[in-house]
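Q: Sharing a model that was predicted from the sequence below.
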Amino acid sequence: MREVPRRRGSVREQQCGESKRILYTKRARTDLTEGGKSELRRFEENYRSRCG
């Protein structure tokens, strides 16, 4: 039964790592539209609330 919490933590770490990678990629883009910038802000807020 101890495997389940560890697995959940590992999955969360993987998801947060992937989200972080996406954030770096999106922040590096210089061609974001206003809609893209709004999406990036929402993604950043979601990342902070889940992984912060």
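A: Noted; the coordinates are in hand.
Q: hey, let's count contacts and neighbours off CA atoms from now on
A: OK.
Q: any low-confidence regions in this structure?
A: Where the chain drops to pLDDT under 70, the residues are 1-8.
Q: need the helices for it, in chain order.
A: Taking DSSP state H, the helices of the chain run over residues 3-28, 34-51.
Q: I'd like those helices as TSV, with mean neighbour count appended.
A: Output for the helices of the chain, formatted as TSV (neighbours: other C-alpha atoms under 10 Å):
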stretch	mean neighbour count
helix 3-28	13
helix 34-51	13
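Q: Tell me the spacing between L40 and S10.
A: Here the criterion is C-alpha to C-alpha, to the nearest Å. By it, L40 lies 25 Å from S10.
Q: and what of I22?
A: 18 Å.
Q: Over to D31?
A: The gap separating D31 from S10 is 34 Å, by C-alpha to C-alpha.
Q: again with T30
A: Distance of T30 to S10, given as C-alpha to C-alpha: 33 Å.
Q: try C16
A: In terms of C-alpha to C-alpha, C16 sits 10 Å off from S10.
Q: what is in contact with the two at once?
A: Among the neighbours of C16, none is also in contact with S10 (C-alpha atoms under 8 Å, 6 or more residues apart in numbering).
Q: Which residue, other than its chain neighbours, is closest to the residue most central in space within the chain?
A: Closest residue to the average C-alpha location of the chain: S19 at 2.4 Å, with C-alpha atoms, centre = their mean. In space, and not counting its chain neighbours, S19 is closest to Y47: 6.8 Å by C-alpha to C-alpha, 6 or more residues apart in numbering.
Q: okay but the one you found is in contact with R21, surely?
A: No. Applying C-alpha atoms under 8 Å, one finds Y47 not in contact with R21, separated by 11.1 Å.
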